[in-house]
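**Q** please work out how this folds:
(one chain, ligands or ions: 2)
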Amino acid sequence: MADIIFKILLVGDASVGKTSLMLKFVDNHFENSYSSTIGLDYQTKIYNYKGYNIKLQIWDTAGQERFHSITSNFFHNADGILFIYDITNRNSFEGIKNWMKESEEIDNSLQKILLGNKCDLNDSRDVQKEEVEKFCNENNIDLFETSAKDNINLEEAFKRIIELVFKTKEAQNLLKNKDLSSSLIINDNIKKNNNAKCC
Ligand code: G3D
Ligand code: MG
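**A** Ligands and ions are numbered 1, 2, ... in the order given. The predicted structure follows:
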């Protein structure tokens, strides 16, 4: 039984590896090729942190990013965002600035970290880490270079966003009473496209 839910969003351009990261982290599963789904989709994973069983609800944009149709509903009740770009695709890093702006217009209080995915493809690198580190310093955001394929830095990245969200909830006294949070538990199962409504 989980004590509390953390709603974490995966945001970034199409093909940066959002779905792959989610599947690898939740199921330790990576597929070289699969068709993207359309609609909102989330998976859950129980994560033990500081004695709390935290239910991570990890939301994937599941293809919608292509149509720029992500609505404010997607951000509703979110706790944290993983902004993701692809280190082999410069445009995907440029895109992060727009995604950040868009999310801040909707909710400026969310915890955020930045992921440069596909770091296993270092030979094809198109975005230098030093440049992103400078961007991160200016924007006060942590950077992790990850590989969903080779399972590099995924645990570390998720641990960091959990730490940040945990601290925020702690400061708001939302963690004191474990019974309080049990009312937030909604559904253990993976919600698939058709019946998945963004909470
Ligand atoms: P998206 O959900 O952001 O749109 P996907 O991205 O998870 O669908 O991934 C897009 C493509 O990138 C997929 O390849 C996937 O296998 C690949 N990919 C995702 N993460 C990594 C990674 O860390 N390293 C490498 N090398 N590839 C990755 P296809 O061939 O299906 O387009
Ligand atoms: Mg996807």
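**Q** from L10, how far out is the residue in the chain that ligand 2 sits nearest to?
**A** With CB to the ion as the measure, T19 is the residue of the chain nearest to ligand 2, at 3.3 Å. C-beta coordinates here come from the backbone N, C-alpha and C atoms, glycine included. Noted for T19: a distance of 8 Å to L10, by CB to CB, to the nearest Å.
**Q** need the residues touching each of these two.
**A** Counting by CB atoms under 8 Å, 6 or more residues apart in numbering, the residues touching both T19 and L10 are D60.
**Q** which strand or helix spans the residue of the chain closest to ligand 2?
**A** When elements are assigned from DSSP states H and E, T19 belongs to helix 18-27.
**Q** to the chain's geometric centre, what's the distance from the helix or strand just after that helix?
**A** With elements assigned by DSSP H and E, the helix or strand that comes after helix 18-27 is strand 41-49. Distance, stretch centre to chain centre, for strand 41-49: 11 Å (CA atoms, centre = their mean, to the nearest Å).
**Q** identify each buried residue in strand 41-49, please.
**A** 41-44, 47, 49 (16 or more other CB atoms under 10 Å).
**Q** any low-confidence regions in this structure?
**A** 31-40, 62-72, 176-199 (pLDDT under 70).
**Q** mind listing the helices for it?
**A** Under the criterion DSSP state H, helices of the chain are mapped to 18-27, 72-75, 90-106, 129-139, 154-171, 178-182.
**Q** wait, what's in contact with the nearest residue to D150 once chain neighbours are set aside?
**A** Excluding the flanking residues, the one nearest D150 by CB to CB, 6 or more residues apart in numbering is D120, at 4.6 Å. Residues in contact with D120 (CB under 8 Å, 6+ apart) are 147, 149-150, 152.
**Q** one step back: correct me, but the residue of the chain closest to ligand 2 touches W59?
**A** No. T19 lies out of contact with W59 (CB atoms under 8 Å); the separation is 11.2 Å.
**Q** out of these two, which sits in the busier spot?
**A** Taking neighbours as other CB atoms under 10 Å, T19 and W59 compare with W59 leading, 24 against 21.
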